[in-house]
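A.B. asks: Predicted structure and sequence below. I'll ask about it afterward.
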Amino acid sequence: MADSIDPAKVPSLSLVSGARIPCIGMGTFGSDRYGPAEVSAAVSGAIRCGYRLFDCASVYGNEDLIGKVFEDAIGSGEVKREELFITSKVWNDMHGKGNVLLSLAKTLRDLRLDYVDAYFVHWPFPNYHAPGCGGDARNPLSVSFSADRFMRTWEEMEKIVGMGLAKHICMSNMTVSKLEAVLPRCGIKPALIEMELHPSFQQPELFEYCVKRNIQPVGYCPIGSPNRPDRDKAPEDVVDTELPEVMSVARARGIHPALVCLKWQVRRGSIPIPFSVHEKNYLSNLRCVTEAPLTDAEMAGIAKADRNCRLVKGQVFLWPGAKGWEDLWD
Ligand SMILES: NC(=O)c1ccc[n+]([C@@H]2O[C@H](COP(=O)([O-])OP(=O)(O)OC[C@H]3O[C@@H](n4cnc5c(N)ncnc54)[C@H](OP(=O)(O)O)[C@@H]3O)[C@@H](O)[C@H]2O)c1
């Protein structure tokens, strides 16, 4: 079996701007388990395999090594810059006036690029936690969501589009009520919204809300993030690859349940960004979206797998006086 996929065979989607984006990308968060060297080696392998979309972020702490990979791949002629769709995100401690540009400037220097294809506001709060912290960690400076404060950051995001440093600006970890509060005030609407999406957490309301407004959903933790940081693990969490609805499709097709999760997401119309440092896995993740999409009946079966099981609860971003992680998602 070939160890690469022709990128032209990977379906793509059209954004409101007219730009095309591959229907699947690769995540680059090492989940506090894989260091920058391992993640950047995987990015290099993934370019070789045919990936063209990469989901980066300054807080993942690996953009400098990933940038070396991009520089080498573009410099050697393996791939042209315009064939890549590279995203990054402003971290919570860099919201507000002036900081967005500073943050993007560092990311561009690290990634060795002149522009990113998409720049996200990573979380709609300026709240941050120490890298690698435990689930009980709280920052006493944390605050609840404010549309006014968010818009001050978004206005900075709009400026970087005018400067040609980001082709698209985007949001992540939003809810319908937060979008209702900010979308009417946006001079430039978000092109993409990154949200947690996997069979046990389908977010139908948020997903439909975005689709209706021509905002492309991007699904993180698409396989149910089995190796997520310990702070994001709770005893009641569901394992997506063990859901009966997912396993029955996997068994019938003779494929790994992880691939069923990805095929489900692509057929539904969102863009999964699975992570792996193992070539066997990231290659099969890419290949699966070029082969035999799920049928209507299989899609209907997996629609029933929703357990409303949010994995990235974000409790480390809670502010003094907040009752619980649900407060982040109102
Ligand atoms: N915007 C946000 O706030 C946010 C939050 C979380 C994540 N993200 C993004 O989303 C990306 C993906 O999320 P994630 O890494 O948490 O979860 P994920 O992609 O659902 O799960 C990754 C895990 O799945 C395993 N895996 C991948 N392909 C597999 C396959 N074919 N068969 C079996 N196992 C497979 C990997 O294990 P092996 O390494 O052993 O292959 C890896 O540990 C991140 O890397 C990041 O870029 C964004």
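C.D. replies: Here it is on my side, so go on. Numbering: from 1, shown residues only.
A.B. asks: Contact partners for Met94?
C.D. replies: Counting by C-beta atoms under 8 Å, 6 or more residues apart in numbering, Met94 touches 58, 100, 102-103. C-beta here means a position set from N, CA and C on the backbone, and glycine is covered the same way.
A.B. asks: what ranges do the strands span in the stretch 51-200 of the chain?
C.D. replies: Along the stretch 51-200 of the chain, counting by DSSP state E, counting those that start in this stretch, strands occupy 53-55, 85-90, 116-121, 166-172, 192-196.
A.B. asks: Tell me the buried residues in stretch 92-106?
C.D. replies: Going by neighbour count (16 or more other C-beta atoms under 10 Å), the buried part of stretch 92-106 is 92-95, 99-101, 103-104.
A.B. asks: ugh, wrong one, stretch 184-198
C.D. replies: Using 16+ other C-beta under 10 Å as the test for burial, stretch 184-198 gives 186, 189-198.
A.B. asks: can I get the strands of the stretch 51-200 of the chain in TSV with distance to Thr295 and mean pLDDT?
C.D. replies: Listed next are the strands of the stretch 51-200 of the chain as TSV, based on distance: least, C-beta to C-beta, whole Å; pLDDT from 0 to 100:
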stretch	distance to Thr295	mean pLDDT
strand 53-55	26	98
strand 85-90	29	98
strand 116-121	32	98
strand 166-172	31	98
strand 192-196	25	98
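A.B. asks: Nearest to the ligand, out of the buried residues of stretch 184-198: which one, please.
C.D. replies: Here the nearest of these to the ligand, counting by C-beta to the nearest ligand atom, is Glu194; it sits at 4.3 Å.
A.B. asks: so what's Trp264 closest to, chain neighbours aside?
C.D. replies: Excluding its sequence neighbours, the residue lying closest to Trp264 (C-beta to C-beta, 6 or more residues apart in numbering) is Ile302, at 4.8 Å.
A.B. asks: got the contact list for the one you found?
C.D. replies: Ile302 makes contacts with 199, 245-246, 249, 260, 264, 294, as judged by C-beta under 8 Å, 6+ apart.
A.B. asks: try 7 Å this time
C.D. replies: The neighbours of Ile302, taking C-beta atoms under 7 Å, 6 or more residues apart in numbering as the test, are 199, 245-246, 249, 264.
A.B. asks: Close to the ligand: what parts of the protein are there?
C.D. replies: Neighbours of the ligand within the chain, by C-beta under 6 Å from any ligand atom: 27-29, 31, 55, 122, 172-173, 194, 220-228, 256, 258-259, 273-278, 281, 284-285, 312.
A.B. asks: So the residue nearest to Trp264 lies in a strand, does it not?
C.D. replies: No: read with DSSP: H, G, I helix; E, B strand; the rest coil, Ile302 is helix and lies in no strand.
A.B. asks: out of the contacts of Met94, who's nearest the ligand?
C.D. replies: Looking across those and measuring by C-beta to the nearest ligand atom, the closest to the ligand is Ser58, at 12.1 Å.
A.B. asks: Give me the neighbour count for the closest residue to Lys304 other than its chain neighbours.
C.D. replies: Excluding its sequence neighbours, the residue lying closest to Lys304 (C-beta to C-beta, 6+ apart) is Glu245, at 5.6 Å. Residues lying near Glu245 (other C-beta atoms under 10 Å) number 20.
A.B. asks: Give me the pLDDT for Glu245.
C.D. replies: Residue-level confidence at Glu245 comes out at 98, pLDDT.
A.B. asks: Double-check it against Ala305; I have them as touching.
C.D. replies: Yes: taking contacts as C-beta atoms under 7 Å, Glu245 lies within contact range of Ala305: 3.8 Å.
A.B. asks: which residues in this structure form helices?
C.D. replies: Applying DSSP state H to the chain gives helices spanning 36-49, 63-75, 99-111, 147-162, 176-182, 204-212, 244-253, 257-268, 279-288, 296-303.
A.B. asks: just to revisit the earlier point, if I look at the residue nearest to Lys304, how far off is Pro131?
C.D. replies: 36 Å (C-beta to C-beta, to the nearest Å).
A.B. asks: How about the contacts made by the residue in the chain that the ligand sits nearest to?
C.D. replies: For the chain and the ligand, the shortest gap (C-beta to the nearest ligand atom) falls at Gly27, measuring 2.3 Å. Contacts for Gly27 (C-beta under 7 Å, 6+ apart) come out as 55, 220, 273-275.
A.B. asks: how about those in a markdown table, adding neighbour count?
C.D. replies: Shown next, in a markdown table, are the contacts of Gly27 (neighbours: other C-beta atoms under 10 Å):
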| residue | neighbour count |
| --- | --- |
| Asp55 | 25 |
| Tyr220 | 23 |
| Ile273 | 24 |
| Pro274 | 25 |
| Phe275 | 25 |
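A.B. asks: which pair in the buried residues of stretch 92-106 spans the largest distance?
C.D. replies: Asn92 and Leu101 (16.2 Å; C-beta to C-beta).
A.B. asks: Cheers, nothing more for now.
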